[in-house]
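In: Got a predicted model here, sequence first, then my questions.
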Amino acid sequence: MIKISKAWRAMGTTNQITLFGTDDERYLDDAIRFVNHYEDLLTVNRPASAVMDINHAAGQSPVVVPPAVYQLIKRAVTVSNQHFGFNAAIGPLVKLWHIGFADARVPSDVEIAQRRELIGSDGIVLDDERLSVYLPQAGMELDLGAIAKGYIADRLQDYLRSQGHMAAIINFGGNIVLMNAAPHKADGRWRIGVRDPLVRHGETIGLLTTTATSVVTSGVAERHLVADGQTYHHIIDPETGYPHDNELASVTIISPESIDGEIETTRLFFNDGPIDGQYPFGAIFIYRDKSIQLVNIRPADFKITNPDFYLKES
């Protein structure tokens, strides 16, 4: 099977797109431009973007944004207002810690308390007619880092399908989208490795077999800060201002839409594990003690390849 692949840096990670059934690299270049365009709109790590326009105008005036940006912000604010740990207004706290960047540090309790006054999502004003967003308090900042990669991955899959591509792998670091049946496998199913979440860039410890889907993983090792002998990961709890401390090392969500996987990894990480009752997606929980728990995934479809890890008893 003919395939082509290209990797590049964007969205704070190494990304890779693989297309099957073609050797024309112009398709890859077009896809990369597509992704970079969305990053230009949504990033908060540069002085200028559609989202930064909103942040700069906090406490002053609403800002009209492109429809795609407005739709994503509306989804992010709606989810934030459920108050389960996901917070699109957490920008001031994220920038205070800045975990994952060279200037990361442990802030003081006073600094954290001050920034927590600026992360209320309930007061954000959305105007569906004007497609405008207003942050009512000066110093507020949107940060879509917990949802943007999933949204862009979904939009890229839409774009690739519109171009008639037969199959693809979209890999945005912890976000993977498997488009259509795997053409290089007789059964059409994909095999995806799950990494050791206790070590940065850890080796594969398990192999997931699945049909076309999205696979999103959020873990504590990839972005973290070590200070005074203590390790702080990047998943900050809006209720405390500190990284959420529990026994989970990573959460992986298998869902049709990558944006849902982004949201659900946060929901289940803050829930400290599976949610009681019927759950609509597949999930893999890996704990710090190296135990693994599967939800809506058959054990036969998840093969552990590292003997140090083991399945929890149901």
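Out: Structure's in. What do you need?
In: can you map out the helices along the chain?
Out: Applying DSSP state H to the chain gives helices spanning 26-42, 50-56, 67-80, 91-97, 109-116, 148-162, 258-270.
In: Nearest spatial neighbour of residue 10, chain-adjacent residues omitted?
Out: Nearest non-adjacent residue to residue 10, counting by C-beta to C-beta, 6 or more residues apart in numbering: residue 39, 5.4 Å away. Using the backbone N, CA and C atoms, a C-beta is placed for each residue, glycine as well.
In: Residue 264 contacts residue 284, doesn't it?
Out: No. When contacts are counted by C-beta atoms under 8 Å, residue 264 is not listed as touching residue 284 (11.8 Å).
In: out of the two, which sits in the busier spot?
Out: The residue with more neighbours, out of residue 264 and residue 284, is residue 264; 25 against 21, by other C-beta atoms under 10 Å.
In: residues contacting the more buried one?
Out: By C-beta atoms under 8 Å, 6 or more residues apart in numbering, the contact list for residue 264 reads 216, 251, 253, 255, 281, 283.
In: In those residues, find the pair that's most separated.
Out: Using C-beta to C-beta, the contacts of residue 264 span at most 12.1 Å, a distance reached by 251 and 255.
In: More neighbours: which of the two?
Out: Of the pair residue 251 and residue 255, residue 251 is the one with more neighbours under other C-beta under 10 Å, namely 26 against 21.
In: overlap in contacts of residue 264 and residue 284?
Out: Contact with both residue 264 and residue 284 is made by residues residue 251, according to C-beta under 8 Å, 6+ apart.
In: pretty sure residue 273 is touching residue 286, no?
Out: No. With contact defined as C-beta under 8 Å, residue 273 and residue 286 do not form a contacting pair (10.8 Å).
In: residues shared between the contacts of these two?
Out: By C-beta under 8 Å, 6+ apart, residue 273 and residue 286 have these common neighbours: residue 248.
In: ok, and for the lowest-mean-pLDDT helix or strand in the chain, which residues are buried?
Out: Lowest on mean pLDDT, DSSP states H and E among the helices and strands of the chain sits strand 224-227, with a mean of 75. Buried residues in strand 224-227, counted by 16 or more other C-beta atoms under 10 Å: 224-225.
In: coming back round to it: what's the least confident stretch among the helices of the chain?
Out: Mean pLDDT is lowest for helix 91-97 out of the helices of the chain, coming in at a mean of 92.
In: Mind listing residues that contact that helix?
Out: Helix 91-97 is contacted from outside by 44, 55, 104-107, 111-112, 115-116, 118-119, 139-143, 145, 225, 232, 234, 236, 238, 241, 243, using C-beta under 8 Å, 6+ apart.
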